[in-house]
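**Q** Model the structure of this input:
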Amino acid sequence: MTSQLAATREFKVEAAGRRLDQFLAGRETGLTRSQLHRLIVEGSVLLNGARSRPSQRVQPGDQVSLTEPPPRRLDLVPQWMPLTVVYQDAEIVVIDKPSGLSVHPGPGHPDHTLVNALLARCPDIQGIGGAKRPGIVHRLDKDTSGLMMVAKTHQAHRALSAQIKDRQVTKGYLALVSGVFSRREGRIDAPIGRDPRHRKRMAVVLGGRQAGTRYRVVETFAGHSLLELYLETGRTHQVRVHLAYLGHPLLGDAVYGRSNALLKRHFLHAHHLGFRHPAAGNPVEFRSNLPVDLASVVDLVREGAVTS
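**A** Take a look at the predicted model:
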């Protein structure tokens, strides 16, 4: 196994008045404010070659050195399981995630997640971007299938995270919904936040975070529509919440719509993923066909066998 070494980056201060932690938070470090605060306290950040405090004010011409320690290893167990690898190189791996697989351990699923499967194939991602979710730069719901990109190095994690933050990543989905749309294409612009009545759900709420979703009707059936959707933002359950808000919930979505006897999960598949390669800088794109369970439901809808 190849060990990852500590990486040091240098920053030059050009404007006065900001705290050291605020200055670093404004740089492209790929680290959170709390992570930066901890590194400063631990002495991994030097101001003009000396240890300092997070509250220290920086001045023009100051040199700030940030040393990111080697990845910390946790008790995440590598577990071999079937996994479709669409693409892989030294920096990234692109996965076609099956439905029913959680991305990372959490309450109720301590193991047998995508992270555990990735560690069995790419052990060096341990600690990349964080100890609990190594390599993960974005997520899909447990019951959503489709394409995900995973970082294999710190540099790749920072670069991909920055692209997501700057809305430079293309994320396209296929969804089968209830109802027929009057317009062939459109844009949903509605803020999303925690549902005040059901705290485990999200909803379109006043004061929520801005969220935008573009849609195009691919095919219309009696009582259903097959949509292609592209996210402009990445809010929790965004597609599901926006479509339910329009009165067109995903087929089989028991949380934001209702369950369906023919489908054991909601009908949502991440079929298109595009971004710039974190090392080479060239644009890369990947596409994924509907999995068998969803494709068979589309066939049944075409035949008129699905009524709700």
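
**Q** Shouldn't residue 64 be within a strand?
**A** Yes: remark: residue 64 belongs to a strand, assigned using DSSP: H, G, I helix; E, B strand; the rest coil.

**Q** which residues does it contact?
**A** Residue 64 sits next to 10-13, 20, 23-24, 45-47, 58 when contact means C-beta atoms under 8 Å, 6 or more residues apart in numbering. (Each C-beta comes from the backbone N, C-alpha and C, glycine too.)

**Q** mind running it again at 10 Å?
**A** For residue 64, the contact set (C-beta atoms under 10 Å, 6 or more residues apart in numbering) comprises 9-13, 20, 23-24, 27, 40, 45-48, 52, 58.

**Q** Same question for residue 103.
**A** Per C-beta under 10 Å, 6+ apart, neighbours of residue 103: 95, 97, 109, 113-115, 118, 133, 136, 138-142, 144, 148, 150.

**Q** separation between it and residue 93?
**A** Going from residue 103 to residue 93 by C-beta to C-beta, to the nearest Å gives 14 Å.

**Q** hey, what's in contact with both of those two?
**A** By C-beta under 10 Å, 6+ apart, the residues touching both residue 103 and residue 93 are 118, 148, 150.

**Q** hmm, which of the contacts of residue 103 are the buried ones?
**A** Buried by 16 or more other C-beta atoms under 10 Å: 95, 97, 113-115, 118, 133, 136, 138-142, 144, 148, 150, out of these.

**Q** out of these, which are inside strands?
**A** Mapping these onto strands (DSSP state E) picks out 95, 97, 148, 150.

**Q** and the first one, bridged to which residues?
**A** As for beta bridges, residue 95 partners with residue 85, residue 148 under DSSP bridges.

**Q** Could you pull out the helices in the stretch 51-200 of the chain for me?
**A** 114-121, 154-165 (DSSP state H, counting those that start in this stretch).

**Q** got those helices as CSV, with mean pLDDT columns?
**A** Shown next, in CSV, are those (pLDDT from 0 to 100):
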stretch, mean pLDDT
helix 114-121, 92
helix 154-165, 93
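
**Q** Looking at those helices, spot the one closest to residue 80.
**A** Of all these, helix 114-121 sits nearest to residue 80, with 4.4 Å by C-beta to C-beta.

**Q** Report all helices and strands that that closest one contacts.
**A** For helix 114-121, the elements it packs on are strand 84-88, strand 92-97, strand 145-151, judged by 3 or more C-beta pairs under 10 Å, 6 or more residues apart in numbering; DSSP states H and E.

**Q** just how off-centre is that helix within its chain?
**A** 17 Å (C-alpha atoms, centre = their mean, to the nearest Å).

**Q** That one to strand 84-88, inter-axis angle?
**A** If you take axes from the mean of the first three to the mean of the last three C-alpha atoms, to 10 degrees, helix 114-121 sits at 60 degrees to strand 84-88.

**Q** Point out the most buried one among the helices and strands packed on helix 114-121.
**A** Across these, averaging neighbours per residue (mean count of other C-beta atoms under 10 Å) puts strand 145-151 on top, at a mean of 25.

**Q** Run the chain-centre distance for that strand.
**A** For strand 145-151, the distance from its own C-alpha centre to the chain's C-alpha centre is 8 Å (C-alpha atoms, centre = their mean).

**Q** can you give me the angle that strand makes with helix 114-121?
**A** Going by the same axes, to 10 degrees, strand 145-151 is angled at 60 degrees with respect to helix 114-121.

**Q** Could I get the contacting residues of residue 191?
**A** 203-212, 233, 235.
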